[in-house]
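Student: Take this sequence and fold it.
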Amino acid sequence: DSLAELLEIWACTEAFWRHHREFAKAVTKRMEELLLETDDLDDVLPLLQAAMTAPGLVISLPEPTMRVLELAVRSRRAADIVRIRAIFAGSPWEAICGKEDDTGG
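Tutor: Numbering: from 1, shown residues only. Model prediction:
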């Protein structure tokens with residue numbers, strides 16, 4: 001929940017996140033860890049919803065970081081991936097969800 005609060009507070013522009021690249025790297029690393037380590041998606045939902053307030057963060061991420069986040073999402077159960085895709089639909093964060101056919105959807 002503290003990472004979700006941090007994202008809500010720092011819902012800044014792409015320029016901010018590019019300037020504070022190490023901060024962005026730490027935030028996305030923790031996001032990856034939570035996606036990989038948390039069994040119940042409901043425990044991660046506040047973070048995912050808060051991420052929607054920070055589109056500048058995902059837009060500023062280099063391709064390798066985007067790929068790492070995508071792999072973390074794809075490591076989840078198919079039902080979780082569908083839920084994550086629904087949360088991020090139509091936003092820049094949708095890019096980390098992979099293609100629908102990756103989950104059989």
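Student: quick one: low-confidence ranges for this protein?
Tutor: Low-confidence segments of the chain, defined by pLDDT under 70, are located at 1, 101-105.
Student: Please repeat the previous calculation with a cut-off of 80.
Tutor: Judged against pLDDT under 80, the low-scoring parts of the chain cover residues 1, 9-11, 99-105.
Student: Now residue 98. Its backbone dihedrals?
Tutor: Its backbone dihedrals place residue 98 at phi 70, psi -180, with angles given as degrees, to the nearest 10.
Student: right, and it touches residue 73 too?
Tutor: Yes. The pair formed by residue 98 and residue 73 meets the contact definition of CB atoms under 8 Å, at 6.8 Å. C-betas here are computed from N, CA, C, even on glycine.
Student: Identify the single longest helix in this protein, thanks.
Tutor: In the chain, with assignment by DSSP state H, the single longest helix is helix 21-37.
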